[in-house]
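Asker: Could you look at this predicted model? Sequence included:
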Amino acid sequence: MAIVLAAGKGTRMRSALPKVMHKVAGLPMVGHVLAAVRKAGIADTALVVSPGSDWAATLQGAPATFVQTEQRGTAHAVLAARAAVTPSHTGVVVLFADNPLVRPETIALMLDRVEGGADVAVLAFRAEDPTGYGRILMDDGRISAIREEKDASAEEKAVTLCNSGIMAIRVGPALDALGDIGSDNAKGEFYLTDLIALGRERDFVMVVEEAPFDEVLGVNDRTQLAAAEAVFQDRARAASMAANTLDAPHTVFFSHDTVLDEDVHVEPNVVFGPGVSVGAGATIRAFSHLEGAVVSPGATVGPFARLRPGAMIGPDAHIGNFVEIKNAAIATGAKVNHLAYIGDASVGGGANIGAGTITCNYDGVNKHRTEIGAHAFIGSNSALVAPVSIGEGAYVGSGSVVTEDVPPGSLAIARGRQVNKADRAPVQKRTPDRKP
Ligand code: UD1
Ligand code: CA
């Protein structure tokens, strides 16, 4: 089973938002850790939070939540969830919610070590700059203690093998030892890391595993948050390039759940917000922003397009520059190529939406729908005042303000008729001639 610690004050973040709710790739850090635990195949998870953490209820999978009433350190926090551990569990893996990049395989490995006989398994990493991390002290090739930065001597500070914070503990004497940890240190806290020195006295079998730094980097401040984001993005770019082309990978930003099928072409400067999937062979052109959208195979989006939640772009449809689509289904082969807003609507297959077309979906109080039939043609600069429907194959003249339904196959013209008045143009020059 897993215990995820998320009760710390997060002071170094200097934020009204709890630290672990700060997002990496659109998902709160704690959400990343819980997802990795799930993917590691661990069913029982306890989340330790501070009092009044209403945000915990918003997390996917709603893990069992335990409140640490006072923040008295990481060992104290684990004990707050002690009741979640039952005799059916062999080991407990403790994770910090501010380690958002940990991989499921690593979590599973830590528990395997305990299954395999270790009392305690510590996940370590080598840091170029170990400042701020607990240092792993070895003696005769065996781990003898973990020393927190604030308590370390100059010699100990030079150690570059650091504690990731991820630790698996065997249920029984090793877990019970947490109750014997004292708070005699610079911060006056009950440190989980002190389990090691205790374990050494009690002859626990303790092993150290190493992970790369970019998997275990801890986020305490916003600089580290940006570093975690950068690592996530690099991983996502590398993974997506297995079968998709990114012209300028460093300018494409993914969310935790972005799905690119295969053979997708992504031009420079594209942002995928949460909830986007893109089908095979689609093209996302430069400077587009997508969120909560499904792009079907073969479709083209952008350049400079914005797909908002509920945008469903059908196969081979074209969404062009300066077009915004929200909560609207654009069927196969339909074209919305320039400067349009299509919201709360459906556009039939093969329809053509002219430049400057706007669905007037909001009357100031309620949202209304616009239905546009297959192969309809909407002339440029038309305003479709919802609720309204344009029948299959209907044609709307440019510049129309459509307030009534247009039957299938009809031509609708809803604009002032042009009047030309001979010789009525003012004769004076609006701009005086320039002297040569
Ligand atoms: C901790 C480790 C350090 C390690 C580093 C890795 C300890 C004492 N130190 O230091 O060895 O190198 O992580 O990133 O374990 N928390 C609670 N309740 C508390 C205190 C903390 O739930 O009373 C939670 C925090 O929300 C956080 C985690 O425990 O998720 C770690 O606490 P934090 O204060 O960030 O520890 P570090 O100083 O980073
Ligand atoms: Ca931390």
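Answerer: On my side now, so go ahead. Numbering: from 1, shown residues only. Ligands and ions are numbered 1, 2, ... in the order given.

Asker: Isn't residue 329 up against residue 344?
Answerer: No - in terms of CB atoms under 8 Å, residue 329 does not count as a neighbour of residue 344; the distance is 10.5 Å. C-beta: built from backbone N, CA, C; applies to glycine.

Asker: Burial check on the closest residue to ligand 1 within the stretch 51-200 of the chain, number of neighbours?
Answerer: Ligand 1 sits closest to residue 134 of the stretch 51-200 of the chain, with a gap of 2.2 Å, by CB to the nearest ligand atom. By the other CB atoms under 10 Å criterion, the neighbourhood of residue 134 contains 26 residues.

Asker: for the one 10 residues further on, same thing?
Answerer: Here the number of neighbours of residue 144 (other CB under 10 Å) works out to 15.

Asker: List the contacts of it.
Answerer: Applying CB atoms under 8 Å, 6 or more residues apart in numbering, one finds that residue 144 lies in contact with 137, 138, 196, 197, 200.

Asker: Now narrow those residues to whatever sits close to ligand 1.
Answerer: With CB under 6 Å from any ligand atom as the criterion, those include none near ligand 1.

Asker: all strands for the stretch 151-300 of the chain, in order.
Answerer: Under the criterion DSSP state E, counting those that start in this stretch, strands of the stretch 151-300 of the chain are mapped to 161-170, 206-210, 245-246, 252-253, 259-260, 265-266, 270-272, 277-278, 283-284, 289-290, 293-295, 300-301.

Asker: contacting residues around the third one?
Answerer: Contacts made with strand 245-246 from outside it, assessed by CB under 8 Å, 6+ apart, are listed as 237, 240, 252, 263, 264, 265, 266.

Asker: which one of those residues has the most neighbours?
Answerer: Greatest neighbour count in these, by other CB under 10 Å, goes to residue 266: 29 neighbours.

Asker: could you check the distance from that one over to residue 240?
Answerer: Counting by CB to CB, to the nearest Å, the separation of residue 266 from residue 240 is 8 Å.

Asker: so what's in contact with the two at the same time?
Answerer: When CB under 8 Å, 6+ apart defines a contact, the residues bordering residue 266 and residue 240 alike are 246, 260.

Asker: With adjacent residues omitted, what lies nearest to the residue in the stretch 1-150 of the chain that ligand 2 sits nearest to?
Answerer: With distances taken as CB to the ion, the stretch 1-150 of the chain approaches ligand 2 most closely at residue 98, which sits 4.5 Å away. The shortest distance from residue 98 to any residue that is not its chain neighbour, by CB to CB, 6 or more residues apart in numbering, is 4.7 Å, and that residue is residue 219.

Asker: The one you found reaches residue 28, doesn't it?
Answerer: No - look at residue 219 against residue 28 with CB under 8 Å: they stay out of range, at 11.3 Å.

Asker: Can you list the low-confidence ranges for the stretch 301-436 of the chain?
Answerer: When the per-residue scores of the stretch 301-436 of the chain are filtered using pLDDT under 70, the ranges that remain are 428-433, 435-436.

Asker: Which part of it gets nearest to ligand 1, residue-wise?
Answerer: Checked against ligand 1 (CB to the nearest ligand atom), the nearest residue in the stretch 301-436 of the chain is residue 309, 30.8 Å away.

Asker: Then the stretch 151-300 of the chain?
Answerer: residue 218 (2.6 Å).

Asker: which residues sit in contact with that residue?
Answerer: Residue 218 is in contact with 96, 98, 99, 132, 133, 164, 165, 224, counting by CB under 8 Å, 6+ apart.

Asker: can you check residue 331 too?
Answerer: Contact analysis of residue 331 by CB under 8 Å, 6+ apart lists 314, 317, 346, 347, 348, 349, 350, 351, 374.

Asker: again, only this time at 7 Å
Answerer: Going by CB atoms under 7 Å, 6 or more residues apart in numbering, residue 331 touches 314, 347, 348, 349, 374.

Asker: what does this protein put close to ligand 1?
Answerer: Applying CB under 6 Å from any ligand atom, one finds that the chain approaches ligand 1 through 5-8, 48, 68, 71-74, 76-77, 96-98, 133-134, 146, 148, 162-165, 191-193, 218, 220.

Asker: most neighbours, which of the contacts of residue 218?
Answerer: Each of the contacts of residue 218 was scored by neighbours using other CB under 10 Å; the highest score is residue 164's, at 27 neighbours.

Asker: right, and that one touches residue 125 too?
Answerer: Yes - look at residue 164 against residue 125 with CB atoms under 7 Å: they come within range, at 5.5 Å.

Asker: and for the two, which residues touch both?
Answerer: Applying CB under 7 Å, 6+ apart, one finds that residue 164 and residue 125 are jointly contacted by 211, 216.

Asker: Could you tell me the phi and psi values at the closest residue to ligand 2 within the stretch 201-350 of the chain?
Answerer: Among the residues of the stretch 201-350 of the chain, residue 218 lies nearest to ligand 2; the distance is 3.9 Å by CB to the ion. Dihedral pair for residue 218: phi -90, psi 140, per degrees, to the nearest 10.
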